[in-house]
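Chemist: Structure for the following, please:
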Amino acid sequence: MGSDEAYNFVFKVVLIGESGVGKSNLLSRFTKNEFNHDSRTTIGVEFSTRTVQLNNFSIKAQIWDTAGLERYRAITSAYYRGALGALLVYDITKHLTYESVERWLKELYEHADAHIVVMLVGNKTDLESDRSVPTEEAKDFAEKKGLLFLETSALESTNVEAAFTNVLAEIHKKASSKQVVRGPISAVSLSSSGADNTEEKKPCCRNI
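Modeler: Numbers count the residues shown, from 1 in each chain. Below you'll find the model as predicted:
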C-alpha cells in the first residue's frame, strides 16, 4: 500500500448503493486489506484514506461510505459535495439492489459534480452460484449510462484494487484535462471537523 505522507492530489470518492451490498467491506479491503465477516450496519459516515501511485503521481483517495444511512434516506448533499468519483455498488445475488441503481444514479447526479467519474460495481462474485444479476445485463446498462463497470468480491479481494484505482485514474485524467478542479484545491471543501477527527482516530490514515 502506498504511503500517506506525501501526495500531489486529493480525490474524494463516495460509495453508494443499497444497505448490505458490501460497501463497507470494499472500503476496508482497499484501505486496510481487511474483511469483516460480522459487518454490522452503523449510523453515520465512515471515512478512510489511502495514497496510491498512479502515472508518477501520488494520489490520496478520501473514501466515504454511507454506513447505513441509505436505510433511512438520510444522505444529504453534503455527503456528495466535492466528490470527484463514485462507486455505485449492488449485490449480484440480490436483483432488487441492482434495480435501485438507477435511483441512486439520479440522486448522485442531482448533488455531485457534473463531471464525476462513476463506476457500477457488482459485488459478491464469490457467491456466483447464487447470482441473480447477469454480468452482461449490468455491463450493457453501464455502457448506456457512460459508467465504468467491474464485478468484485471484497471477501476474496477480487478486482477491489482495480475498481478504486481505475476510478482514481479516470479522475486524474479528467483533472489533467481541466475538466475538474485540481485535487488539493477541492480538498479544502472536503475537510470538515468530523473528517479530521476520524483521521485522528486512525493513525494509519493520518495526513502527516
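Chemist: ok, then the element right after the strand or helix carrying L26?
Modeler: Here L26, judged by DSSP states H and E, is contained in helix 23-32. As assigned by DSSP H and E, the chain's next helix or strand after helix 23-32 is strand 46-54.
Chemist: Report the distance from that following strand to the chain centre.
Modeler: With CA atoms, centre = their mean, to the nearest Å as the basis, the distance from the averaged C-alpha position of strand 46-54 to the chain average is 10 Å.
Chemist: Next: stretch 160-175.
Modeler: Its chain's C-alpha centre lies 10 Å from the corresponding centre of stretch 160-175 when counted by CA atoms, centre = their mean.
Chemist: sorry, back to before: and the contacts of the helix holding L26?
Modeler: Residues lying outside helix 23-32 but in contact with it, judged by CB atoms under 8 Å, 6 or more residues apart in numbering, are 15-17, 34-36, 39, 46, 48-50, 63, 65-67, 87, 89, 121, 123, 152, 154-155, 157, 160-161, 163-164, 204-205. C-beta coordinates here come from the backbone N, C-alpha and C atoms, glycine included.
Chemist: Only C-alpha atoms, please: export it in PDB.
Modeler: Presented in PDB, the C-alpha positions along helix 23-32 are these (Å, rounded to 0.1, in the frame of the first residue of the first chain):
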ATOM      1  CA  LYS A  23     -19.700  -1.100   0.600                       C
ATOM      2  CA  SER A  24     -18.000  -1.100   4.000                       C
ATOM      3  CA  ASN A  25     -16.000  -4.200   3.200                       C
ATOM      4  CA  LEU A  26     -14.900  -2.800  -0.200                       C
ATOM      5  CA  LEU A  27     -13.700   0.200   1.700                       C
ATOM      6  CA  SER A  28     -11.900  -1.800   4.400                       C
ATOM      7  CA  ARG A  29     -10.400  -4.200   1.800                       C
ATOM      8  CA  PHE A  30      -9.000  -1.300  -0.200                       C
ATOM      9  CA  THR A  31      -7.700   0.900   2.600                       C
ATOM     10  CA  LYS A  32      -6.700  -1.800   5.200                       C
END
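Chemist: Show me which residues of that helix are buried.
Modeler: By neighbour count with 16 or more other CB atoms under 10 Å, helix 23-32 contains the buried residues K23, S24, N25, L26, L27, S28, R29, F30, T31.
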